[in-house]
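K.L.:
Here is my input, please return the structure:
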Amino acid sequence: MHKLREMMSAHPKTVASRNSDLDSAVEAIASCAQVCTSCADACLAEPMIADLVRCIRLNLDCADVCLATSQVLTRQTAIESALWRDLVNACRTACRVCAEECERHADMHEHCRICAEHCRECVQVCDGLLQTVSA
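P.N.:
Sure thing, here's the model as predicted:
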């Protein structure tokens, strides 16, 4: 995703306060969307799919919230900090709930273990962003 950083740096209206921490956060959140989508797909391939319906649903919800959050945070023109804060809070919640559900299946499914780990990391990223936006 180094091209994302390159593109964001090339933006003519780069926000003065924007830094590599925010760029890294956007990358981590976008990556979480991909991990959750992949986990949902892997769950669909499991033989006991009925036991994974909630996990699949939360994976897809988390992926959608993370994708929307990363897209909005990527935009640098006319930033609305209240919107950023609300989106990051929603992303944090989606990642936390998804992680909790994936952890329930982590002993049986490696993809759920990986997803839970990545979602927990994304929660930490969101916590860091919330401190930055609130400051």
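K.L.:
List of residues touching stretch 38-55?
P.N.:
The contact list for stretch 38-55 (Cβ atoms under 8 Å, 6 or more residues apart in numbering) reads 56, 59-60, 63, 101-102, 104-105, 109, 111-112, 114-115. The C-beta positions use only the backbone N, C-alpha and C, and glycine is treated the same way.
K.L.:
rerun at 10 Å
P.N.:
Contacts with stretch 38-55, where a contact means Cβ atoms under 10 Å, 6 or more residues apart in numbering, come from 56-63, 98, 101-102, 104-105, 108-116, 118-119.
K.L.:
From those, list the buried ones, please.
P.N.:
By neighbour count, with 16 or more other Cβ atoms under 10 Å, the contacts of stretch 38-55 hold 56, 58-60, 62-63, 98, 101-102, 105, 109, 111-116, 118-119 as buried.
K.L.:
Run through the helices of the protein in chain order.
P.N.:
Per DSSP state H, the chain carries helices over the ranges 2-10, 20-44, 53-74, 81-105, 110-134.
K.L.:
Now render these as CSV, adding mean pLDDT.
P.N.:
Below are the helices of the chain laid out as CSV (pLDDT from 0 to 100):
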stretch, mean pLDDT
helix 2-10, 69
helix 20-44, 94
helix 53-74, 97
helix 81-105, 96
helix 110-134, 94
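K.L.:
Wait, Thr74 touches Trp84, no?
P.N.:
No: look at Thr74 against Trp84 with Cβ atoms under 10 Å: they stay out of range, at 11.3 Å.
K.L.:
give me every residue that touches the nearest residue to Cys62 once chain neighbours are set aside.
P.N.:
Nearest residue to Cys62, sequence neighbours excluded (Cβ to Cβ, 6 or more residues apart in numbering): Cys98, at 3.9 Å. By Cβ under 10 Å, 6+ apart, the contact set of Cys98 is 32, 35-36, 39-40, 55, 57-63, 65-66, 112, 115-116, 118-120, 122-123.
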